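Visitor: 3D model of this:
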Amino acid sequence: MNSASNGAIERRVGMFGTGGDTEDLWAGEVDSASDLSDLFVDDEPRQTNKRGSKAKKDRRKGGGKPASVGKAECKQLPPEPQEGNTEYKLKLCDKSPGRFQQLVTQMRWRLDEGDGKAVYMVGVTDAGLMVGIPKREFRESTHTLQRMARVNHAEIKVEETWEGPNGVGGRVGVRHLPEDTSVRGERVVFVGDAQAGKSSLASVLSSTEIDDGRGRARLELFRHGHEIRSGRTSSISAATMSFDHDGGFISPKQSRKQFNSPYQCGAVARTVTLFDLPGDPKYYKTTLGGIMGRDPDLAVLVVSPATGVTPVARELIGVLTALKIPLVINLSKCDAYPRESVDATAAAVRKVCEAAGLGAAVELTDPAEVEPAVAALLSGRATPVLRTSSVTGHAIPTLRALIGAIGNGVDNGKGVGGGGESSSGGESSSGEPTPTPTISAPTITATAATNGAPAEAGAEGEGVAKRGEGHPDEASSAEQPERIAEAEEGFAEGFEMQVQEVFAVSEAGPVVGGVVRHGIASIGQRAHLGPAADGSFRNVTVVGIRRDGDPCRHARAREVVTLELASVTAAELRPGQVLMSGRRAEATIELTAAVRLVPLCEGVLEADAMQVVVVKGGMKRAAVLTADGPIVAGRDTSATLSFGLRPECVRVGDTFLFRGNRPGFTGHGVVTAAQGVAPAVGGTDSRARSL
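Guide: Numbers count the residues shown, from 1 in each chain. Below you'll find the model as predicted:
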């Protein structure tokens, strides 16, 4: 596999935050004293070749003492430091509740010493001898460390293992999970024709560098080798923008440094995830899945003056209008085409907006117009239009400001998320601006979020003996049982998330990515996953959460996250399944819905046992559609959809999209009735009982 493909795979895993940056998660987290390469010391002084050969001859004769015992030579570290974030443990097996509480307190002290990071050397004596322990005891010790870390709101990672005379040992890194902060997140999808410039625009918006005119910027978002070779997006890729409390853009390097700080929140007040969706018609189902599954707050339709408003662009406008997703129209590559061509494209955009029933197309020429334009957009009175260039950077700051203002408008209750209007902004590339309607709206002020105060990492003087071990103070001892119960039992409040993507991560359990629909997901929480082919749901446990590539304790509604699961394998997971707790899960085999074609579809669809593809979030399923009459735009028709043998999780009131074999005939519907199969939840499934 070439290096380009390797980089594409790394970006694929990181799009939901699973892998994040390709840098080592623990890079630079401990002092140099904990680096094994610097600490390895031989038990005996180095011998000269002459003396060494003599010692070898003595051992052959039965005299002398062997330098190693068992499989490996016994190395030695300096004695365990009393200060700092490094702790030596021979093993951590079969600890009593009282001793476990002391170990938890000791870990808190070590984390505090290391500013939220600690290193545990397992299989090492207090004197520094790396003797090792049997593999079974090493696994039990890492499990105990994981329990200790969970109580301390931290995560562990086995960074290195080695062989000792008595077995194996290893270096385990412990990292404190950041406190829940008020960092908010919005989602923006970029749609349009192939070669319209969506990937380059999303990449330039999320960074501080412009494109070189040959597509260098889009390489940051491509996930597959064939995308790099062809220059066409075939999957859903993502980039992240960060804003401060005043709505100012924060560069990626600065935001990553602030977001990773374990004990302070930094200046990041909002993160916006930009999803780049395919534009090629053969990947249209993937595009619909991205629009439905990512639950966007805003859609940016990218139109190139080279192609104008194509049938694909018209159909996408109809889909976004039907789903009531705020829409911004961006005229790209304005530096590469004559002004007359750009003006003609802008005129075509205004006609399409009027035909779709959107607000009047308004071109932005000044960043000062962004806030009133956003207010008009969220009230349905205007559709912002921008003229940008990813090569010259023209109007890129204006579009960034508009995306930030959209988030403030959502916070102020002005729309979006499933029923809203549109949003965007722009600025003409050259010459005089196109006449625009007068916009009079109150200015949207930035809503400053208050960062949550982090919890204390450990009380002063919590350690004695080995600085923290054996003598927790009274307040710490009193709160330990409650914290342990909270961490290991999980929260009672339920959550729901549809699986969008599935990842098989080495040295970890299966990882699923998606958007949390309801409630709060927490580490240690139990949930139901399904449905399986027989309609059953199995019990799983959330053992890890990442948001924007960073570990966290909880995932809240409408956050894009990845969850690591236990009690299930990656082969048993598929996109479209539902992960939920706190409510009963049901599997549906057939549903009745009120359906219609999306706006701008002028034809008539006769559906009598017609095979279609149903898209609902991450679910893309073939179904048989039978309607009571012709399906047209602007009027509901009752229809029945059957999934065949494998059920799906669909409820009354859910919205979905469907598409047949004929291009240009995309419809949407709302479920009015669902016929389910007898659900089997958790222990009622024979497979779940056996696991």
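Visitor: quick one: what helix or strand has residue 200 in it?
Guide: Using DSSP states H and E, residue 200 sits within helix 198-206.
Visitor: ok, residues contacting that helix?
Guide: Identification of contacts with helix 198-206 by C-beta atoms under 8 Å, 6 or more residues apart in numbering yields 190-192, 210-211, 215, 217-218, 220-222, 233, 237, 239-241, 252, 274, 276-277, 279, 300, 302, 330, 332, 388, 390, 393, 396, 399-400, 403. (Each C-beta comes from the backbone N, C-alpha and C, glycine too.)
Visitor: Quick check: PyMOL command selecting the buried ones in these.
Guide: In PyMOL syntax, the buried subset of these is picked out as below (16 or more other C-beta atoms under 10 Å):
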select buried, resi 190+191+192+210+211+215+217+218+220+221+222+233+237+239+240+241+252+274+276+277+279+300+302+330+332+388+390+396+399+400+403
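Visitor: List the residues that contact residue 614.
Guide: Counted by C-beta under 8 Å, 6+ apart, residue 614 has contacts 620-623, 641, 643, 656-658.
Visitor: hang on, it in a strand?
Guide: Yes - under DSSP: H, G, I helix; E, B strand; the rest coil, residue 614 sits within a strand.
Visitor: Please report how far it lies from residue 390.
Guide: 35 Å (C-beta to C-beta, to the nearest Å).
Visitor: which element follows the helix holding residue 200 toward the C-terminus?
Guide: helix 225-230.
Visitor: Report all helices and strands that that following helix contacts.
Guide: Helices and strands touching helix 225-230, by 3 or more C-beta pairs under 8 Å, 6 or more residues apart in numbering; DSSP states H and E, are helix 3-14.
Visitor: Mind checking the pLDDT average for the helix it packs on?
Guide: Mean per-residue pLDDT for helix 3-14: 44.
Visitor: now stretch 215-235
Guide: pLDDT averaged over stretch 215-235 gives 89.
Visitor: How about stretch 544-552?
Guide: 82.
Visitor: Stretch 323-330 now?
Guide: pLDDT averaged over stretch 323-330 gives 94.
Visitor: low-scoring stretches of the chain, by residue?
Guide: 1-72, 179-184, 253-267, 407-493, 584, 678-691 (pLDDT under 70).
Visitor: check which helix or strand covers residue 372.
Guide: Using DSSP H and E, residue 372 falls in helix 370-378.
Visitor: I'd like to know which elements whichever helix or strand comes after that helix is packed against.
Guide: Using DSSP H and E, the next helix or strand after helix 370-378 towards the C-terminus is strand 382-387. Applying 3+ C-beta pairs under 8 Å, 6+ apart, we find strand 382-387 packed against strand 327-331, helix 339-356, strand 360-363, helix 370-378, helix 396-411.
Visitor: I'd assumed residue 640 was in contact with residue 594.
Guide: No - in terms of C-beta atoms under 8 Å, residue 594 does not count as a neighbour of residue 640; the distance is 11.4 Å.
Visitor: who's more crowded, those two?
Guide: Applying other C-beta atoms under 10 Å to residue 594 and residue 640 shows that residue 640 carries more neighbours, namely 19 against 14.
Visitor: Tell me if the more buried one really is in a helix.
Guide: No - using three-state DSSP, the assignment for residue 640 is strand, not a helix.
Visitor: Which residue is the nearest non-sequential neighbour of it?
Guide: With sequence-adjacent residues excluded and distances taken as C-beta to C-beta, 6 or more residues apart in numbering, residue 640 is closest to residue 626, at 5.0 Å.
Visitor: wait, what's in contact with residue 349?
Guide: 303, 309, 329, 331, 361, 385.
Visitor: Across the sheet, point out what pairs with the first one.
Guide: Meaning residue 303. Residue 303 forms beta bridges with residue 331, as assigned by DSSP bridges.
Visitor: Would you mind measuring from it to residue 119?
Guide: For residue 303 relative to residue 119 (C-beta to C-beta), the value is 53 Å.
Visitor: what's the answer for the fourth one, then?
Guide: When distances are taken as C-beta to C-beta, residue 331 and residue 119 turn out to be 54 Å apart.
Visitor: likewise the fifth one?
Guide: Distance of residue 361 to residue 119, computed by C-beta to C-beta: 58 Å.
Visitor: Give the closest residue to residue 630 in space, chain neighbours not counted.
Guide: residue 604 is the one closest to residue 630 (C-beta to C-beta, 6+ apart), at 4.8 Å.
Visitor: wait, doesn't the one you found sit right on residue 631?
Guide: Yes - taking contacts as C-beta under 8 Å, residue 604 lies within contact range of residue 631: 7.3 Å.
Visitor: May I have the phi/psi pair for residue 209?
Guide: phi -120, psi 150 (degrees, to the nearest 10).
Visitor: Kindly tell me how buried it is, as a neighbour count.
Guide: With other C-beta under 10 Å as criterion, residue 209 counts 12.
Visitor: quick one, what contacts it?
Guide: Per C-beta under 8 Å, 6+ apart, neighbours of residue 209: residue 217.
Visitor: Number the residues from 235 up from this point.
Guide: Let's use 235 as the start, then, which means that last one is residue 443.
Visitor: Tell me the secondary structure at the closest residue to residue 760 other than its chain neighbours.
Guide: Take residue 760 and drop its neighbours on the chain: the residue closest to it by C-beta to C-beta, 6+ apart is residue 775, 5.4 Å away. What three-state DSSP gives for residue 775 is strand.
Visitor: Dig out what residue 775 forms beta bridges with.
Guide: residue 760, residue 800.
Visitor: Over to the one 5 residues further on?
Guide: Residue 780 has these beta-bridge partners by DSSP bridges: residue 785, residue 796.
Visitor: coming back round to it: distance of the residue nearest to residue 864 relative to residue 546?
Guide: Applying C-beta to C-beta, the value for residue 838 to residue 546 is 21 Å.
Visitor: Neighbours of residue 876, how many?
Guide: That count, for residue 876 with other C-beta under 10 Å as the rule, works out to 14.
Visitor: ignore the last one, residue 506
Guide: Neighbour tally, residue 506, other C-beta under 10 Å: 24.
Visitor: For residue 520, which non-adjacent residue is spatially closest?
Guide: Leaving aside its sequence neighbours, residue 520 sits nearest to residue 512 (C-beta to C-beta, 6+ apart; 5.3 Å).
Visitor: A helix includes that neighbour, no?
Guide: No - according to three-state DSSP, residue 512 belongs to no helix; its state is coil.
Visitor: who touches it in this structure?
Guide: Counting by C-beta under 8 Å, 6+ apart, residue 512 touches 428, 466-470, 518, 520-521.
Visitor: Now do the strands in the stretch 735-884 of the chain.
Guide: 735-738, 744-756, 760-764, 770-781, 784-785, 788-790, 794-800, 812-815, 821-831, 844-850, 853-861, 871-876 (DSSP state E, counting those that start in this stretch).
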